[in-house]
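K.L.:
A predicted structure for the sequence below; I have some questions about it.
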Amino acid sequence: MIQLITRSRLALMLAFLGTFWGRSAPAGGPPNPQAQADSLRRRAAAAPADTGRAQTLNELGFALARLGQYAEARAALRQAQHLSERLRFAGGQVRALTGLGMSYQNEGKFPAARVVLDSAVALGQRLGEQRGLGTALLNRARLCNAQDDYACALASVQAARQFFEKHGDWARTAQALNGLGSIYVNRGDYPRALAALFEALRLARQHHDAQTEVNSLGNIGNVYLKQEEYALALRTYHQLLPRLDSVPDQRVRPIVYQNMATAMTHLHHPDTEAYFQKSLAGFEALHEPADVGQVLGSYAHFLRDAGRRPEAIRAYTRALVLLRAADDNNATADVLNGLAQTYQQSDQPALAATAAREALALASRIHDVADVQSAAARLASLAKASGDYRQALAYTERAQAAHDSLFSQAKAEQIGRLQGDFQLSQERERRQALARTSTAQAETLRLRQRQLRGLAVGFTAAALGALALGWLAWQLRRRNRLVEKQRAELTELNATKDRLFSIIGHDLRAPLHSLHSFVELLSGPPLPPERLRQYTRHLTQTLDQTLILLENLLSWAALQLHVAGPVHTEALSLAATAEDAASLLGPTAEAAGVALRTTLSGDEWVQADPAAVRLVLRNLLSNALKFTPSGGQVAVAATRQAGAWQLTVADTGLGLPMPTPRQPLAPEGLPRRAAKGAPGAGLGLVLSRDYARRSRGELEVASPGPGQGTTFYLLLPTAEPASPLLREQSTGQAIAAR
């Protein structure tokens, strides 16, 4: 996986740029920082002790901070603070405190930075400082966001936005909106992040603020990258390119080129390599070795995935030298993982193991869960290939623990996105309700005016009066029908809510009770090993079923609340998809004593939504394993039909309570089987049917009867593979699976 957004890229913290260290550089190019600091030092020494000297000392502090000379910067800023306090110069005091807080933060001294920035905000509010208060609030928001203190970050950035709006400072208002978008992204609330960023973009364009417009477009593109909406991200970056000449920071252009190359990689764009080369050339011209190393790492990923392994190894090796010199541990761990994968693909297991072990040690030290999982999984695969199954098991357990942590993070982000979508829909509904109320009031006024005119005319013409009364009756009936329709929609929404609460209350309570009981057993006297293994196996099965239920529940809620994304179909390999699902559920099958086999050749390509097909296949396999006793088997196969591929999931399990000929799946009327554990929510088959139809497919079921197994059929339209390389990869996966 190519690293999308690194710590020095055009990332979401650009939302705050231009508010920390004073004015931007002039359009003709930035001055020499050291020369600027020396000039300010001479001016401060020669100036009288007035507000002008306080301002010069503040500028000197910011200039020294930009050079990384934080101790000297704080000394100058403290002089500015004391002089401003003696002169009762509120603006100088707040600005000096803000600079002190940011210098502490840039050194990683967050507690000291928080104390000073809180003092700057409190002083600005007490003295009514008109400009420095907003900047102090934005800087405190940035600090709180870096510390994951979202309550403080949201409160600070909202206060800054209100402050700037009150004083008509629309450029700073747009910067505050960019900061708000950054905070929402860190919470995984992408819908509200995009809403804030588009509002910032509108303000920047309305007031011709080129810097904030560039920041907003870059942040919007990065949000699309995080959401894996690569076409939208690339379109946004193309809008950004013509505006980069108005930004004095020359590093922005190569950053944008790398992000464009990242999006192009996922879109299989022919210009991908050209944009990587542009990004490398830009950073090399600016003499930024750390950035060159990060781009080289991403470029090496691209070369590896394109099958150009010798070139990829050379790029990885050069990237490691640069990144280690820059002490960029996150990027170094990612590059080591990529190098290990390339060595393994090149049949060099010893070198692959060395790189993977170094990646695992580094990722563990810096708590990079994704790289821990990748390195541990690579070492497990290498140990298994060498016959060291004990070591392979240890690495597999470590990789699974990291996977579980990443899974929890992904679900938290998914819940945040659902909450953002739901809250945005509520806001839209409120606005629409207000608009409907205004329209209804205007309609009522017009109706009364017509009634008065009708009555006046009725005194002179009885026929016209009768016609007017008939028209009023028709209007009343129409309004009654509208009210009934709205009442029906409300009833349906309430029913959906009740079902959601019922599922949560009923189906989540049992596994949580089991977990509680198991913990109580562990806290008691030591258990015999056999009994402990039995309880652990039962607990694992319960947690697996609970995770599947939660995933199905989230998908069902998205469909019911109409926040599920649009269907994106593409050429999809059924062999690769079946192998992924079998690998995911392999441990469950092994624990249950059930043989799980796939017999696909790799030639089975369909036109479908990949996420929908994975969800359907995962539910069908999970369902089959659930109702198949120990010693049974579950088989996945595929056959070609007219214009479609038929994927079958057949088990030798309990079967349906009565013989059922092959028919379209109707979960509501399907006879229920007795599961090995607690009965489920019944959402799996409902979701499978709905998601199959979203991909223009159909789901069918058949069973000879009790004890004779059940077979599910998934029919999907055929497609040609996206490229010969993908066909070879899919065929290789299918052969490996068999």
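P.N.:
Sure thing, it's come through.
K.L.:
what is the host helix or strand of residue 216 packed up against?
P.N.:
Using DSSP states H and E, residue 216 falls within helix 210-226. Helix 210-226 makes packing contacts with helix 170-186, helix 190-206, helix 230-240, helix 252-267 when contacts are defined by 3 or more CB pairs under 8 Å, 6 or more residues apart in numbering; DSSP states H and E. No exception for glycine: its C-beta is placed from N, CA and C like everyone else's.
K.L.:
kindly export that helix (C-alpha atoms) in CSV.
P.N.:
Extracted as CSV, the C-alpha positions of helix 210-226 are listed here (Å, rounded to 0.1, in the frame of the first residue of the first chain):
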residue,chain,number,x,y,z
ALA,A,210,-5.1,32.6,-2.8
GLN,A,211,-3.2,31.1,0.2
THR,A,212,-6.4,29.9,1.9
GLU,A,213,-7.9,28.7,-1.4
VAL,A,214,-4.8,26.5,-1.9
ASN,A,215,-5.0,25.2,1.6
SER,A,216,-8.7,24.3,1.3
LEU,A,217,-8.3,22.6,-2.1
GLY,A,218,-5.3,20.6,-0.8
ASN,A,219,-7.2,19.6,2.4
ILE,A,220,-10.3,18.5,0.3
GLY,A,221,-8.1,16.4,-1.9
ASN,A,222,-6.5,14.7,1.1
VAL,A,223,-9.9,13.9,2.6
TYR,A,224,-10.8,12.2,-0.6
LEU,A,225,-7.6,10.3,-0.5
LYS,A,226,-8.3,9.1,3.1
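K.L.:
same question for that helix, mean pLDDT?
P.N.:
Mean per-residue pLDDT for helix 210-226: 89.
K.L.:
next, the buried residues of that helix.
P.N.:
Using 16 or more other CB atoms under 10 Å as the burial criterion, the residues of helix 210-226 that qualify are 211-226.
K.L.:
contacts made by the helix or strand encompassing residue 155 with the rest, please.
P.N.:
Per DSSP H and E: residue 155 is located in helix 150-166. Applying CB atoms under 8 Å, 6 or more residues apart in numbering, the contact partners of helix 150-166 are 121, 133-134, 137-138, 140-142, 144-145, 170, 172-173, 176-177, 179-180, 183, 186-187.
K.L.:
repeat for stretch 566-574
P.N.:
Contacts to stretch 566-574, defined as CB under 8 Å, 6+ apart, come from residues 600, 602, 604-610, 612-613, 638, 645, 647, 694-696, 716, 719-722, 726, 729-730, 733.
K.L.:
if you set the cut-off to 6 Å instead, what comes out?
P.N.:
Contact with stretch 566-574 is made by 600, 604-610, 638, 647, 694, 719, 721-722, 730, as judged by CB atoms under 6 Å, 6 or more residues apart in numbering.
K.L.:
what separates it from the chain centre, distance-wise?
P.N.:
20 Å (CA atoms, centre = their mean, to the nearest Å).
K.L.:
mind checking the end-to-end distance for that stretch?
P.N.:
21 Å (CA to CA, to the nearest Å).
K.L.:
what comes up buried for that stretch?
P.N.:
Across stretch 566-574, burial judged by 16+ other CB under 10 Å covers 569, 571-574.
K.L.:
secondary structure class for residue 596?
P.N.:
strand (DSSP: H, G, I helix; E, B strand; the rest coil).
K.L.:
can you pull the contacts of it?
P.N.:
582, 589, 634.
K.L.:
check residue 11 and give its pLDDT.
P.N.:
Per-residue pLDDT puts residue 11 at 38.
K.L.:
and the average pLDDT for stretch 159-174 is what?
P.N.:
Rounded mean pLDDT across stretch 159-174 is 86.
K.L.:
whoops, I mixed them up, stretch 42-58
P.N.:
89.
K.L.:
contacting residues around it?
P.N.:
Contacts for stretch 42-58 (CB under 6 Å, 6+ apart): 40, 60, 76, 79-80, 83-84, 87, 89, 92, 95-96.
K.L.:
can you flag the buried ones in the contacts of stretch 566-574?
P.N.:
Neighbour-count burial (16+ other CB under 10 Å) is assigned, among the contacts of stretch 566-574, to 600, 604-610, 638, 647, 694, 719, 721, 730.
K.L.:
that older thread, so which bits of the helix holding residue 155 are buried?
P.N.:
Across helix 150-166, burial judged by 16+ other CB under 10 Å covers 152-154, 156-161, 163-164.
K.L.:
try stretch 466-474
P.N.:
Neighbour counts over stretch 466-474 (16+ other CB under 10 Å) mark residue 468 as buried.
K.L.:
export it as CSV, just CAs?
P.N.:
Presented in CSV, the C-alpha positions along stretch 466-474 are these (Å, rounded to 0.1, in the frame of the first residue of the first chain):
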residue,chain,number,x,y,z
ALA,A,466,-69.7,27.3,-5.4
LEU,A,467,-66.7,26.7,-7.6
ALA,A,468,-64.4,28.5,-5.2
LEU,A,469,-65.7,26.3,-2.3
GLY,A,470,-65.1,23.1,-4.4
TRP,A,471,-61.6,24.2,-5.1
LEU,A,472,-61.0,24.8,-1.4
ALA,A,473,-62.2,21.3,-0.6
TRP,A,474,-59.9,19.8,-3.1
